[in-house]
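> Sequence and computational prediction follow.
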Amino acid sequence: MQRIISDVDGYGSTDGDSDVCCERKIIVANMLPLHAKRDAETGKWCFSLDEDSPYLQLKDGFAPETEVLYVGSLKVEIDATEQDEVAQKLLDDFKCVPTFLPHELQKKFYLGFCKQQLWPLFHYMLPMCPDHGDRFERSLWQAYVSANKIFADKVMEIINPEDDCVWVHDYHLMILPTILRKRYTRVRLGFFLHSPFPSSEIYRTLPVRDEILRGLLNCDLIGFHTFDYARHFLSCCSRMLGLDYESKRGHIGLDYFGRTVYIKILPVGVHMGRLESVLDLASTSAKIKEIQEQFKGKKLILGVDDMDIFKGISLKLLALEQLLEHHTELQGKIVLVQIVNPARGSGKDVQEAKRETYLTAKRINAAYGSPNYEPVILIDRHVPRFEKSAYYAVAECCIVNAVRDGMNLVPYKYIVCRQGTPYMDEAMGRKSDSPRTSMLVVSEFIGCSPSLSGAIRVNPWDIDAVADALESAITMRDSEKQLRHEKHYRYVSSHDVAYWARSFMQDLERACKDHYTKRCWGFGLGLRFRVVSLSHGFRKLNIEHIVSAYRRTNRRAIFLDYDGTVVPQNSIIKTPSPEGVSKGLAAEKVLSRMVHSGNAPDFVMCIGDDRSDEDMFESILSTVSSPSLPAAPEIFACTVGQKPSKAKYYLNDNTEVVKLLHGLATASSPKLKNLPHIKVSFESTV
């Protein structure tokens, strides 16, 4: 797994408890982890915790005494006259702060920009489908910005910026970090994206691409489910904002105006206790027996998906049709139960996907069914948690065939339910030591796929391959199924939602550990705001000090950039770019040659003004700290202008550089005779 770069070797371990585990955590998400309904008698609103929400479950990753506050919207609309009373009740009883977005704003924000612009784009669909049109609607973007500002205002009402950690979740709130960072330059701020992140070729079509990238970069730590999603984000930052990132020993960090924005790659897990408690319900055991009796003598294949164009339900049905056509011996012996969760968005595409699903299921049942047998059973209604768990427990195979998805925890839930619990074993008359088996067919385009090495991975668009995978899963030996199940269960049980939350928050603490050791100030208007961060050791170069050091030394190495350093920046000047030779490599070669010729430098000065000079600063500082040097030389790495740099010093402009060079020239001794000549060759490099 990828983790963050640590600036200090040996700084702690992600396995231990955070030093600040008792400080407050503020979790910001689109929806609060609450259920809401009106009391029939009193007419008052009643609320209860949503035990299945991952935002509520992640509390298990923090110390028991940690106070966790939630900021988000409610799933119901509250009248303006009731909002103050409800807000106070939610804060007192549940530590929740509701945002109360106006109805029209909520519609444009969520159903508009989130679901019509970001959701398709992040799932690799360009905004050119007939339902959405090919024109970017600026009003929807303005609604997105307004909604994010309301969320940020609610955070500001409760935050203690010196101590609290803020953890923002998902694509609904990607510019909220900019708004918070503008108010609190040193706030500890993390973000986790629960959806895919598209390639740069797709993402670059978004008219507000820079604003969203800068919003995420105002965080200290950004989390992704897979390496591919993180790689796409880094590529976008490089191509569209010109940012560099460093990868060293599996750790990734982005340099953004002197701040290091860290990247974390760790998929979310499930809450083991919650799933197991549902399995222990008497209603679950009764439902399991009912399903076993209903499908007696048949092998059950299970699918659980939202009604969404990206979930691949119709492709799954086509694969089953192919399987039944080519393997006639399976007709009457297998059943696909497809649980269809309600659609989270609306539009013609969702309706079309639903219509296609029903038509395909009807055709398959007509072709391969009989009066007492239907190969496809669609369950298109609200399915209680206990009933879903019962289907998970009975199914011999689970298939997740999405064409593009974020994490998708269905395979994890299936594995846990197939493992069962002692109570469930007793209720079903099953021995506790009897072997457990499970079989997964998963799309290679979902976030959990890399974590499930024992699953059969498929390209959902390849109908033949999916049909073959289903056949393999059904006919596989039980001993092989058992081995794969045991491997999966070990991973899922050890990488649960608590592990994910604990690991993320510990890395966020490490990412922020030097917040108060640097000088920071913000600049930029609106959503272009960012924080410039400079170390306390970064200061203006004192010319008298460097002239004094120059006089005391004899073996001097001086490296100077030209345009922007010695002379003003000029479009006529062309900077030479020799192939294969960077300024850093050139400086390293010169210094190494001096050392090997017995003339190790005792004075090193390098001055430059752009990114290529940063390579020179880094290379020189690394080379002169080498133990091969007989004595540490005087080092003056200097950038032109006050900006984040690997150099320790700065001069304001080229006139000050020229003034410095005049000072060194005045301090120079008369030309010495018989000076050694040092030749440096780059022939083997180019």
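In hand now; what should we look at? Fair warning: this is a prediction, and the values are worked out from it, not measured in the lab.
> same question for stretch 376-383, mean pLDDT?
On average, the pLDDT along stretch 376-383 is 95.
> Sorry, slip of the keys, the one I care about is stretch 294-314.
95.
> where in the stretch 101-250 of the chain is pLDDT low?
127-134, 248-250 (pLDDT under 70).
> Repeat the analysis, applying 90 as the threshold.
Where the stretch 101-250 of the chain drops to pLDDT under 90, the residues are 116, 125-136, 162, 244-250.
> Let me see the ranges of the strands in it.
Under the criterion DSSP state E, counting those that start in this stretch, strands of the stretch 101-250 of the chain are mapped to 165-169, 188-192, 221-224, 245-248.
> What is the subsequent helix or strand relative to the last one?
Same thing as strand 245-248. Remark: after strand 245-248, the chain's next helix or strand is strand 251-256, criterion DSSP states H and E.
> got CSV for the strands of the stretch 101-250 of the chain, with distance to Val624 and mean neighbour count too?
Heads up, the C-betas are built off the backbone N, CA and C, glycines and all. Compiled in CSV, the strands of the stretch 101-250 of the chain are given as follows (distance: least, CB to CB, whole Å; neighbours: other CB atoms under 10 Å):
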stretch, distance to Val624, mean neighbour count
strand 165-169, 39, 25
strand 188-192, 35, 25
strand 221-224, 33, 26
strand 245-248, 21, 12
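> Looking at those strands, which is nearest to Lys487?
strand 221-224 (23.9 Å; CB to CB).
> who's in contact with that closest one?
Applying CB atoms under 8 Å, 6 or more residues apart in numbering, the set of residues contacting strand 221-224 from outside is 4, 189-193, 197, 216, 230, 233, 261-266, 504, 507-508, 511.
> Give the helix, strand or coil label for Pro435.
State at Pro435, reduced to three classes by DSSP: H, G, I helix; E, B strand; the rest coil: coil.
> and it, how many residues sit next to it?
Under the neighbour criterion other CB atoms under 10 Å, Pro435 is assigned a count of 12.
> If we ignore the residues flanking it in sequence, what's nearest the residue most central in space within the chain?
Centroid check for the chain by CA atoms, centre = their mean gives Phe224 as the closest residue, at 2.1 Å. Once flanking residues are discounted, Phe224 sits nearest to Ala230: 4.3 Å by CB to CB, 6 or more residues apart in numbering.
> count of residues packed around that neighbour?
21.
> cool, Ala80 as well?
Ala80: 8 neighbours (other CB under 10 Å).
> Report the separation between it and Val71.
Ala80 sits 19 Å away from Val71, going by CB to CB, to the nearest Å.
> can you check Arg186 too?
Counting by CB to CB, the gap from Arg186 to Val71 is 20 Å.
> more neighbours, those two?
Neighbours per residue, other CB under 10 Å: of Arg186 and Val71, the larger number sits with Val71, 26 against 16.
> State the helix or strand in which the more buried one lies.
Using DSSP H and E, Val71 falls in strand 68-73.
> which element follows that strand toward the C-terminus?
Strand 68-73 is succeeded, C-terminally, by helix 83-94 (DSSP H and E).
> Need the contact partners of that next one.
32, 34, 45, 47, 49, 70, 78, 96-98, 100.
> Buried by neighbour count, from the residues you listed: which ones?
Among these, those that count as buried by neighbour count (16 or more other CB atoms under 10 Å) are 32, 34, 45, 47, 70, 78, 96-98, 100.
> Looking at these, which are in helices?
Using DSSP state H, the subset of those located in helices is empty.
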